[in-house]
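Trainee: Provide a 3D model corresponding to the input given below.
(one chain, ligands or ions: 1)
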Amino acid sequence: MALRFYVRDWLSASAGVGLLKALSHTGQDPDSIIEGTSLVFEEEDVKDRFPLALARKLTEDLKPETIGDKSLVDVAFARLLSLNDFYSNSPLSNPSSVKKKVMERSKEFEELFSLDPVGAVRQLIGTFVSDVFAELLGRELSDRTCFFCGERKAYLYKGKPKTFEAVNFTPLSASTSTVENFFYNGKNNLYLCAHCEIVFYFAGFGFTKVARDKYLFVYVPDLKETVTLNSLLEDHKGINRGWLGKAVAEILKETERRKAEWILENIYVVEIEKVSESTSNIYSFSIQPRVARAIDAYLDKYPKPLNPLFSQFLEHLYSGRSLYTLLLEVFYGYFYEEGLRRSGRGKVSDALRVGMNLARNSKYLPYSLLFLSKFQEVVDMKDKSQVEKQVNWAYSEGLKLKESLYRELGEKASDRIRSVSYSILEAIRRRDIDAFQQNLIRVYLSVEREIPYLFVEALKDGSFNRIAYAFLVGLNGRGKGEEYGTEAHDPLG
Ligand SMILES: [Zn+2]
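Mentor: Numbering: from 1, shown residues only. Below is the predicted model:
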């Protein structure tokens, strides 16, 4: 009869992912037991394949050299004790009971140990785990239904129905009420059947160890994506630029758009920091809804010229740093290209390089750079249509001024634009609204135009960034004839 384990939250997801990771060591294709949000397997799997998988996972990095002249029992015992980070004093890792049982079983494998030490340790652990699982599965049942599967009965333990407790996932037992709080139901009636208990013993494998006492797990409400994101986490050894870039790209690649958005909005990261033998801190964070909203509104408009910055873009989003700092860096690369190239000091950042390439190749700032600015404004909860209007307006004012300058000064206009741009860039960097306005007045006067009143108005209401950046791009832009990556754009539209 098929048995099911349901994945409903990060804890059951970590157990599911851990089991799948372990099973892959026995040659099983993880996808073969995933069915929607549950894992489906047979009783024989629980008895034979699961213990083998656990033994393999526990010894994946074991080599004959690391065994050296240690005894079979000591090596197997040490590996099992490592489970205590997640299952303190569980039937798999309780120091006193485990040693006795492992010693009893070791005699069968002593001979093999001298020929194939790693194989012998594996088999000993597998046999021991198989004994423990068989013992759990053989216990007398209570009349209480398991909280986790809602299908099987909890067994009797010391005369009472077995419940989910510290041995089943020790990090949650930091305070006595944590387990109850986690499941929002007040008292511990989290009855636990033997099958679910066994799968929970794999939860630790779902986590990636990123520091001495720190473990991470990423959960999204889709089991296959959860598996993918966590294997990327293992590859990248943590939540970092590489991981975020790959993770999001992976989700977008594999999943249809609506679902991809939903998954991105629901990325949930759990960090376990072990403080002592039996206590841990659990931290979690998810992507803020305002960031998710901006992702939803703009991510598919991500422009080509910014492709080399995609992972930095994400890093800024998740760490809460303003995308304007990224845009400012691109500006620096653009305006100081020569100096940067000549000084040739070390490696330049990706953002500087994007700016430098623009200066060298296209020789203008494309409108699509303002994607960063619009995205940031929406993250900051600004009204999307208002933002678009102001950005487009300031951009086209910059363009118009550029045309006036060319009409007035001819070829000399480019030097003038350059020097005005440096001053504006400096005003932007210092967030100096007065300096920005003074420069505007001066340059508008030089072409005998009045400074558009909207500037004065707009700069009053905290719109400085969006106005100033867009104006600078317009002043160095090319207007309707330019390539906008994927979207056509009418600066006045
Ligand atoms: Zn159950």
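
Trainee: If you count contacts, what does the helix or strand hosting Ile272 end up packed against?
Mentor: For Ile272, the host element (DSSP states H and E) is strand 268-274. Where contact means 3 or more C-beta pairs under 8 Å, 6 or more residues apart in numbering; DSSP states H and E, strand 268-274 is packed against helix 10-24, strand 214-219, strand 280-286. (Each C-beta comes from the backbone N, C-alpha and C, glycine too.)

Trainee: Which of the residues in the first one are classified as buried?
Mentor: Under the neighbour-count criterion of 16 or more other C-beta atoms under 10 Å, helix 10-24 has 10-24 buried.

Trainee: name the helices or strands packed onto that helix?
Mentor: Under the contact criterion of 3+ C-beta pairs under 8 Å, 6+ apart, helix 10-24 touches strand 2-6, strand 38-42, helix 50-58, helix 194-200, helix 203-206, strand 214-219, helix 223-236, strand 268-274.

Trainee: do the second one and the ion meet?
Mentor: What that stands for is strand 38-42. No - in terms of C-beta under 5 Å from the ion, no part of strand 38-42 sits within range of the ion; the closest distance is 11.4 Å.

Trainee: Tell me who's in contact with Leu20.
Mentor: Pro30, Ile33, Ile34, Leu39, Val227 (C-beta atoms under 8 Å, 6 or more residues apart in numbering).

Trainee: out of the helices and strands packed on strand 268-274, which comes closest to the ion?
Mentor: Closest approach to the ion among those (C-beta to the ion): helix 10-24, 10.3 Å.

Trainee: Quick one: distance of the helix or strand just after that closest one to the chain centre.
Mentor: As assigned by DSSP H and E, the chain's next helix or strand after helix 10-24 is strand 34-35. Relative to its chain's centre, strand 34-35 lies at 23 Å (C-alpha atoms, centre = their mean, to the nearest Å).

Trainee: Pull the residues that contact strand 34-35.
Mentor: Strand 34-35 is contacted by residues Arg4, Leu20, Val40, Leu223, Lys224, Val227 when judged by C-beta under 8 Å, 6+ apart.

Trainee: neighbour-wise, which of those leads?
Mentor: Most neighbours among the contacts of strand 34-35, by other C-beta atoms under 10 Å: Leu20, with 27 neighbours.

Trainee: What's the separation between that one and Gln123?
Mentor: Leu20 sits 23 Å away from Gln123, going by C-beta to C-beta, to the nearest Å.

Trainee: ok, now Val348?
Mentor: Counting by C-beta to C-beta, the gap from Val348 to Gln123 is 55 Å.

Trainee: buried residues in the helix or strand hosting Glu408?
Mentor: If you go by DSSP H and E, Glu408 is part of helix 384-409. By 16+ other C-beta under 10 Å, the buried positions in helix 384-409 come out as 387-388, 390-402, 404-406.

Trainee: which helices and strands does it pack with?
Mentor: helix 370-379, helix 413-429, helix 433-446, helix 453-460, helix 464-475.

Trainee: Mean neighbour count added to those helices, as TSV?
Mentor: Below are the helices and strands packed on helix 384-409 laid out as TSV (neighbours: other C-beta atoms under 10 Å):
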stretch	mean neighbour count
helix 370-379	24
helix 413-429	16
helix 433-446	16
helix 453-460	13
helix 464-475	24
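
Trainee: Lowest average pLDDT across those?
Mentor: The minimum mean pLDDT among those belongs to helix 453-460 (a mean of 79).

Trainee: And Glu337, how close does it get to Ser362?
Mentor: Using C-beta to C-beta, Glu337 is found at 12 Å from Ser362.

Trainee: swap in Arg341?
Mentor: 16 Å.

Trainee: How about Asp74?
Mentor: Asp74 sits 66 Å away from Ser362, going by C-beta to C-beta.

Trainee: Likewise for Leu80?
Mentor: The value you get for Leu80 to Ser362, if C-beta to C-beta is used, is 62 Å.

Trainee: Compare those two and say which is more crowded by neighbours.
Mentor: Legend: neighbour count by other C-beta under 10 Å for Leu80 and Ser362, higher for Leu80 (27 against 14).

Trainee: Which strand or helix spans the more buried one?
Mentor: Per DSSP H and E: helix 72-81 holds Leu80.

Trainee: next helix or strand past that helix?
Mentor: For helix 72-81, the succeeding helix or strand toward the C-terminus, using DSSP H and E, is helix 95-106.

Trainee: ok, and for that following helix, which residues are buried?
Mentor: For helix 95-106, by 16+ other C-beta under 10 Å, it's Val98, Lys99, Lys101, Val102, Arg105, Ser106.

Trainee: Quick check: the first one touching Leu92?
Mentor: Yes - contact status for Val98 versus Leu92: in contact at 7.1 Å, counting by C-beta atoms under 8 Å.

Trainee: okay, and the common contacts of these two?
Mentor: Jointly contacting Val98 and Leu92 under the rule C-beta under 8 Å, 6+ apart are Leu80.

Trainee: Pull out the buried residues from the helix or strand where Arg353 lies.
Mentor: Assigned by DSSP H and E, Arg353 falls within helix 350-357. Within helix 350-357, the residues scored as buried using 16+ other C-beta under 10 Å are Asp350, Ala351, Leu352, Arg353, Val354, Gly355, Met356, Asn357.

Trainee: What of stretch 157-164?
Mentor: Buried positions in stretch 157-164, judged by neighbour count with 16+ other C-beta under 10 Å: Pro161, Lys162, Thr163, Phe164.

Trainee: Quick one: end-to-end distance for it.
Mentor: 12 Å (C-alpha to C-alpha, to the nearest Å).

Trainee: How many neighbouring residues does Gly462 have?
Mentor: When neighbours are defined as other C-beta under 10 Å, Gly462 has 10 of them.

Trainee: what secondary structure does it sit in?
Mentor: Here Gly462 is coil, with the state taken from DSSP: H, G, I helix; E, B strand; the rest coil.

Trainee: distance of it from Ser373?
Mentor: Distance, Gly462 to Ser373, using C-beta to C-beta: 14 Å.

Trainee: Return the per-residue confidence for the residue of the stretch 301-450 of the chain found nearest the ion.
Mentor: The minimum distance from the stretch 301-450 of the chain to the ion, using C-beta to the ion, falls at Tyr318 (35.4 Å). For Tyr318, the model assigns a pLDDT of 70.

Trainee: ok and whichever helix or strand it is part of relative to strand 280-286, angle-wise?
Mentor: Assigned by DSSP H and E, Tyr318 belongs to helix 310-319. Counting by axes from the mean of the first three to the mean of the last three C-alpha atoms, to 10 degrees, helix 310-319 points 120 degrees away from the direction of strand 280-286.

Trainee: Off-centre distance for helix 310-319?
Mentor: 11 Å.

Trainee: cool, stretch 325-340 as well?
Mentor: So, by C-alpha atoms, centre = their mean, the centroid of stretch 325-340 is 29 Å from its chain's centroid.

Trainee: List the contacts of it.
Mentor: Identification of contacts with stretch 325-340 by C-beta under 8 Å, 6+ apart yields 309, 312-313, 316, 348-349, 351-360, 365, 369, 372-373, 418, 421-422, 425, 428-429, 469, 472, 476.

Trainee: The same query, at a cut-off of 7 Å, please.
Mentor: Contacts of stretch 325-340 with the rest of the structure, by C-beta atoms under 7 Å, 6 or more residues apart in numbering, involve 309, 312-313, 316, 348-349, 351-356, 358-360, 365, 369, 372-373, 421-422, 425, 428-429, 469, 472.

Trainee: and it, what's its mean pLDDT?
Mentor: For stretch 325-340, mean pLDDT is 94.

Trainee: hmm, back to that, buried residues, the strand holding Ile272. List them.
Mentor: For strand 268-274, by 16+ other C-beta under 10 Å, it's Tyr268, Val269, Val270, Glu271, Ile272, Lys274.
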